[in-house]
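Student: Sharing a model that was predicted from the sequence below.
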Amino acid sequence: MLFRNLLLGSRTKVLAKSASPVNVYKQLTKRTICSTNVKSLRFDLNQKSMLMKTSPFTKTIPRSFSLSSKFSNPTTIAANATATTTPVVSEESLKTAKSVAYWLIGTSGLVFGIVILGGLTRLTESGLSITEWKPVAGTLPPLNQKQWEEEFEKYKESPEFKQLNSHINLDEFKFIFFMEWVHRLWGRAIGAVFILPAAYFAVSGKTSRHVNKRLLGLTGLLALQGFLGWWMVKSGLDQEQLTERNSKPTVSQYRLTTHLGAAFFLYMGMLWTGFEILRERKWIKDPAEALKLFKKLDNGSMGPLRKISLGLLFVSFVTAMSGGMVAGLDAGWIYNTWPKMGEQWLPPSRELMDDNFARREDKKDLWWRNLLENPTTVQLVHRTFAYTSFAAVLAAHMYCIKLKHIIPKNANTTMHALMGVVTFQVGLGIFTLLWLVPIPLASLHQGGALALVTTSLIFAVQLRKPRMPIRNLINSLYIQKLQPSSKILNEAAKFSNKAL
Ligand code: HEM
């Protein structure tokens, strides 16, 4: 049990003689834990009880305790009501400037752009044209004829030139170099556009601690992304690795997908944080509306839908990653038929689990190598994930239609959009395959994957319950608005004293 608590957090049922949420909560936070560790509280005023869910690593949590009788005293109730007019955590420490949200969403747009450009670099087979990684010096392209010729000489040493491109001249080289150079420059620009303002916002106190932690994580991810880019390119330049993979000069599909996945994570992290800031600011501005929304989000039927929303985000992400594997293996160039794969619904099992892909004598790696390295199987896996994504969104859409009176209106609208995006994306995938991966369509299909992940992410954000400190803040702001002067509370206290 202790292990479970540490890992998952715990649930504690608190019984109160007084059914006031204010009292129960105050008593709880005073006696046991810091309010920021509380993930959710659910009050049952009839049963005079409260269910508390805490985050992992919360220290002492009594399984159940009764509140002292003094809390059933009306004077104390009034006094406690006064106490809650002061926010549990100050508004300023929770608030993040709107400009931070817009900057994050804008920067995520730049990440969207670089993913598309990266795809175009791959589709035009330009990605292996720059054979070195110079994070600072590489900012400038060759500036004169001599430098261009030097750069071309270096490229002539690469396996790609020797085996595939020995016919190209300097002008053709300039085009592929330019594609890769713009991609790298864009990456550097994102670094600058992210890190400098992040430091400024943090130092000037425009961000909350919560957002600062996110910004730190995103900075780490950004640095990792630059490294992953070079790690990927190296796999296509190094003849030893190519021989080991028995591959023509292209990057490893594993590394391509890792690089793509990290970009998706960076994009999702920026968007999620940006939307969360905007959402919380909106609540702070209008606590009454916020409380109405919280009531909807606290509805029991929303629990499963919240899990479904995260499931949809996960399945969209995994489908996109399986698409990365298709792209990395050029598996879109085979089985260009739909809905069947060739003449059959499924390729022959001999081809799907081809012995030639196993590298171990005992063939123990037959399954996973075919699933990740055999273009036929990898395409089938991508088709399967795509159908799963479509079916999952369709089912969730129908579920939302059923619950449409309970679900927040904006989440409902997003679900309709999600249904549209997934249908469009599946259509794009099919035509990309049928028409032998034309560059504009393949690029649009990649953009479609990002659009699908974006819509799933917005849906998940819209269904999220507020963080506990924000909930506390909104509650107290609401009470402050209702009772602008403490006079009313003093009157209430006097009245209660008389009643005793
Ligand atoms: C929810 C649906 C889908 C998602 C999220 C998705 C996502 C992706 C992604 C992210 C890529 C990699 C693009 C790149 O890195 O350049 C990709 C590639 C590909 N997908 Fe899909 N896809 C979906 C459905 C489909 C379907 C239904 C088909 C065909 C039946 C399909 C066929 C392809 C092909 C052929 C490629 C390789 C294109 C290339 O080489 O650039 N996709 N997909």
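Tutor: Yep, that arrived.
Student: for the ligand, what are the nearby residues on the protein?
Tutor: 119, 122-123, 260, 316, 319-320, 323-324, 326-327, 332, 338, 382-383, 386, 389, 422, 425-426, 429-430, 432-433, 437, 442, 445-446, 449, 452 (Cβ under 6 Å from any ligand atom). In this view, the C-beta of every residue, glycine as well, is placed from N, C-alpha and C.
Student: so where is the stretch 401-500 of the chain shaky, pLDDT-wise?
Tutor: 483-500 (pLDDT under 70).
Student: Tell me where it has helices.
Tutor: Along the stretch 401-500 of the chain, the segments classed as helices by DSSP state H, counting those that start in this stretch run 409-434, 439-463, 468-482, 486-499.
Student: With R306 as the reference, measure out to I474.
Tutor: Note on I474: its distance to R306, by Cβ to Cβ, to the nearest Å, is 19 Å.
Student: cool, and L473?
Tutor: Taken as Cβ to Cβ, the span from L473 to R306 is 22 Å.
Student: More neighbours: which of those two?
Tutor: L473 (25 against 14; other Cβ atoms under 10 Å).
Student: thinking the more buried one is in contact with L94, fair?
Tutor: Yes - in this structure L473 lies within contact range of L94 using Cβ atoms under 8 Å: 5.7 Å.
Student: which neighbours do the two share?
Tutor: Between them, L473 and L94 share these contacting residues under Cβ atoms under 8 Å, 6 or more residues apart in numbering: I284.
Student: Tell me the buried residues within the residues of the chain next to the ligand.
Tutor: Buried members of these, counted by 16 or more other Cβ atoms under 10 Å: 119, 122-123, 260, 316, 319-320, 323-324, 326-327, 332, 382-383, 386, 389, 422, 425-426, 429, 432-433, 437, 442, 445-446, 449, 452.
Student: per-residue pLDDT, T84?
Tutor: T84 is assigned 39 on the pLDDT scale.
Student: again, but for I284
Tutor: 94.
Student: and whichever residue of the stretch 351-500 of the chain sits closest to the ligand, what does it touch?
Tutor: Relative to the ligand, the nearest point of the stretch 351-500 of the chain is G429 (2.2 Å; Cβ to the nearest ligand atom). By Cβ under 8 Å, 6+ apart, the residues touching G429 are G323, A386, H445, G448.
Student: Need these in CSV (columns: distance to P141).
Tutor: Written out in CSV, the entries for the contacts of G429 read as follows (distance: Cβ to Cβ, whole Å):
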residue, distance to P141
G323, 31
A386, 39
H445, 30
G448, 31
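Student: nearest to G236, of these?
Tutor: G323 (19.2 Å; Cβ to Cβ).
Student: The closest residue to that closest one other than its chain neighbours and T319: what is the separation?
Tutor: What sits nearest to G323 in space, not counting adjacent residues and going by Cβ to Cβ, 6 or more residues apart in numbering, is H382, at 5.6 Å. Remark: distance between H382 and T319 (Cβ to Cβ) = 7 Å.
Student: do the same with S158
Tutor: S158 is 33 Å from T319, by Cβ to Cβ.
Student: cool, and T121?
Tutor: Applying Cβ to Cβ to T121 and T319 gives a distance of 22 Å.
Student: before we move on, what about A101?
Tutor: In terms of Cβ to Cβ, A101 sits 28 Å off from T319.
Student: Let me see the ranges of the strands in this structure.
Tutor: 11-15, 38-44, 49-54 (DSSP state E).
Student: need the contact list for L313.
Tutor: With Cβ under 8 Å, 6+ apart, L313 has these contacts: M268, V453, S456, L457, F459, A460.
Student: Between these, identify the one with the most neighbours.
Tutor: S456 (29 neighbours).
Student: so what's that residue up against?
Tutor: Remark: with contacts taken as Cβ under 8 Å, 6+ apart, S456 is in contact with S309, L312, L313, S316, L418.
Student: go with 10 Å
Tutor: Applying Cβ atoms under 10 Å, 6 or more residues apart in numbering, we find S456 in contact with 268, 309-317, 389, 392-393, 396, 414-415, 418, 421-422.
Student: Buried only: go through those for me.
Tutor: 268, 309, 312-313, 315-317, 389, 392-393, 396, 414-415, 418, 421-422.
Student: okay, now the residue nearest to A101 when sequence neighbours are not counted: neighbour count?
Tutor: Distances taken as Cβ to Cβ, 6+ apart put I277 closest to A101, at 3.9 Å, once the chain neighbours are dropped. Using other Cβ under 10 Å, I277 has 25 neighbouring residues.
Student: rewinding a little: please work out which of the helices of the stretch 401-500 of the chain is packed deepest.
Tutor: Mean neighbour counts were compared across the helices of the stretch 401-500 of the chain using mean count of other Cβ atoms under 10 Å; the top stretch is helix 439-463, at a mean of 21.
Student: Go ahead and confirm T96 touches T207.
Tutor: Yes - look at T96 against T207 with Cβ atoms under 10 Å: they come within range, at 4.9 Å.
Student: Compare the two and say which is more crowded by neighbours.
Tutor: T96 (26 against 22).
Student: give me every residue that touches the more buried one.
Tutor: 104, 201, 205-212, 214-215, 273-274, 276-278, 280-281.
Student: Report the central residue of this protein.
Tutor: Centre of the chain computed as the mean C-alpha position; nearest residue by Cα atoms, centre = their mean is M268, 3.5 Å away.
Student: Now that one. Nearest residue, chain neighbours left out?
Tutor: L457 (5.7 Å).
Student: For that neighbour, give its distance to E151.
Tutor: Distance from L457 to E151, by Cβ to Cβ: 40 Å.
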